[in-house]
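1. After the sequence you'll find the predicted model.
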Amino acid sequence: MAEKDHPLWASIIIPMYNAGDYIAGCLESVLHQTIPPAEYEVIVVDDASTDGGVQLVQQWYPSVRLVQSPENLGYARACNLGAEEAKGEWVVFLNADTRLAPDWLEQMLSAAESDAGIGAVQSVQIYPWRRPNGAAEEVPYYLDLCPWGFTRYYPAAGASQLIPTLFLSGAGCMVRRTWLEQNWPPFDSLYRMYGDDRDLALRIIIQGYRIYAVSAARLWHDHPNPLSHPLVGLRKGNLAARNGWLAYFKNMYLLEFLLYAPVLLAGSFLRAWEFPGALWRRLAAGLGYFLLTLIYLPRAFWFYLVRHADVRRQNLRRRTRPAGWLLKQLCTPAAQRKWG
């Protein structure tokens, strides 16, 4: 990571791949925060875009540091490339298709700095397609791992300021710089995209740090409903099925993983019920995800018992949580979860 030549609270890293339709709205919200501009930096990492987004950033946002890759690295490696340039005390990862509330960064920093035992925080998110019971108002959600192993959307309305979670959404999260310096890189490049933020969160919590969702830090995320966009859902489901196994196996002891694997497999079918859509779409998506998850299980063993066994061993050597702790936390409903 870059050496600091002046104090900065945060470095905001935004990976961008053909996000020209979104990046201006994202940067406008990022550059107009209640935190003074001198106290944070913004780094856009372009992943070999071809839609004019680079020229837009260069012309209209000269204060933004633009890092250009000659090839499409994928989300994980693009974030890592940006993190190498970061100078802030907290490293923020933000999707290009998001917009921040004006006090977003202030709320995130206030929460993160409240306790030295906090390793990372994530914001709550508002989605255009997710409104319970047809409600007209915008409803914020936080993301967490449910007992079935997949990422679930939980309403944040009425929740406490700091909500304990086992998950960090790569769409809007903040990680302590000192932890990253000791656990480089932030994202495992084996994942490329999807599941990499789950792996990051699990790595942080098994080392004894805590993660919270900050209910007062809101962002709007133009995230599509996978049941309404089958091609997007298939691509995401394929990567999520593969990377879900990898993230859990990398961060769990072998017995923990074997005990949890049947739950994960069952949860792969139930995951489709997280999204609004017709019953037949949910059944088709659930069955497809179940089959993909089953297919990718052997690959998880191959990756972390043979091909990249050293990565898993090093990760587990850094673990401070006792055997069974992570399994117990995963099997605890999110509403009842408390950091001990």
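-> All right, it came through fine. Numbers count the residues shown, from 1 in each chain.

2. For Ala240, grab the count of nearby residues.
-> Ala240 has 26 neighbours, counted by other C-beta atoms under 10 Å. Quick note: C-beta positions are derived from backbone N, CA and C, even for glycine.

3. what about the closest residue to it other than its chain neighbours, which SS state?
-> Spatial nearest neighbour of Ala240, excluding adjacent residues (C-beta to C-beta, 6 or more residues apart in numbering): Tyr194 at 4.7 Å. Following DSSP: H, G, I helix; E, B strand; the rest coil, the label given to Tyr194 is coil.

4. Now do the SS call for the residue of the chain positioned farthest from its centre.
-> With distances taken as C-alpha atoms, centre = their mean, the residue sitting farthest from the centre of the chain turns out to be Gln59, at 29.6 Å. Using three-state DSSP, the secondary structure recorded for Gln59 is helix.

5. same question, Arg271
-> Arg271 - assigned by three-state DSSP - is helix.

6. coming back round to it: next one: the residue farthest from the centre of the chain from Ala78, what distance?
-> 22 Å (C-beta to C-beta, to the nearest Å).

7. tell me the contacts of the residue nearest to Ala240?
-> 75, 236, 239-240, 243 (C-beta atoms under 8 Å, 6 or more residues apart in numbering).

8. Could you single out the nearest of these to Pro298?
-> Comparing the contacts of Tyr194 against Pro298 with C-beta to C-beta places Asn243 closest, at 14.7 Å.

9. leaving aside the residues next to it on the chain, what's closest to that closest one?
-> Gly195 (2.6 Å).

10. I figured the one you found hits Lys236, correct?
-> No - with contact taken as C-beta atoms under 8 Å, Gly195 and Lys236 are classed as non-touching, separated by 10.2 Å.

11. The two: which has the busier surroundings?
-> Taking neighbours as other C-beta under 10 Å, Gly195 and Lys236 compare with Gly195 leading, 25 against 16.

12. Provide the backbone phi and psi angles at that one.
-> With angles defined as degrees, to the nearest 10, Gly195 sits at phi 90, psi -20.

13. State the distance from Ile295 to Ala38.
-> Counting by C-beta to C-beta, the gap from Ile295 to Ala38 is 51 Å.

14. got it, and Pro224?
-> 36 Å.

15. Show me which of those two is the more surrounded one.
-> Neighbours were counted for Pro224 and for Ala38 using other C-beta under 10 Å; Pro224 has more, 15 against 10.

16. That one is in what secondary structure piece?
-> Assigned by DSSP states H and E, Pro224 belongs to no helix or strand.

17. Wait, it touches Asp97, no?
-> No - Pro224 is beyond contact range of Asp97, at 9.4 Å (criterion: C-beta under 8 Å).

18. how many other residues sit next to Gly286?
-> 17.

19. From the chain's centroid, how far away is the strand or helix carrying it?
-> Under the criterion of DSSP H and E, Gly286 resides in helix 279-301. Chain-centre distance of helix 279-301: 21 Å, with C-alpha atoms, centre = their mean, to the nearest Å.

20. Buried by neighbour count: which residues of that helix qualify?
-> 281-282, 284-286, 288-290, 292-293, 296-297, 300 (16 or more other C-beta atoms under 10 Å).

21. give the contact list for Ala111.
-> Contacts for Ala111 (C-beta under 8 Å, 6+ apart) come out as 118, 121, 161-162, 212, 214, 216-217.

22. go again using 7 Å as the cut-off
-> 121, 161-162, 212, 214 (C-beta atoms under 7 Å, 6 or more residues apart in numbering).

23. Now which of the residues you listed would you call buried?
-> By 16+ other C-beta under 10 Å, these give 121, 162, 212, 214 as buried.

24. quick one: contacts for the second one?
-> Spelled out, that is Leu162. 111, 212, 214.

25. can we see that at 10 Å?
-> 111-112, 114-115, 118, 121, 210-216, 339 (C-beta atoms under 10 Å, 6 or more residues apart in numbering).

26. which among those end up buried?
-> 111-112, 118, 121, 210-216, 339.

27. Could you work out the most separated pair of those residues?
-> Largest pairwise distance in the buried ones among the contacts of Leu162, by C-beta to C-beta, is 18.9 Å, between Ala216 and Trp339.

28. ok, back up a step: max pairwise distance over the contacts of Leu162: which two?
-> In the contacts of Leu162, the most distant members under the criterion C-beta to C-beta are Ala216 and Trp339, with 18.9 Å between them.

29. Tell me which stretches of this protein form helices.
-> 23-31, 53-60, 75-84, 104-112, 177-182, 196-206, 230-251, 254-270, 279-301, 309-317, 325-330 (DSSP state H).

30. any idea which of these scores lowest on pLDDT?
-> Within the helices of the chain, confidence is poorest for helix 230-251, with a mean of 80 (mean pLDDT).

31. can you give me how far it is from the chain middle?
-> 13 Å.

32. cool, and stretch 53-70?
-> 24 Å.

33. residues making contact with that stretch?
-> Against stretch 53-70 from outside (C-beta under 10 Å, 6+ apart): 11-24, 27-28, 30-31, 37, 41-49, 52, 77-78, 81-82, 84-86, 96.
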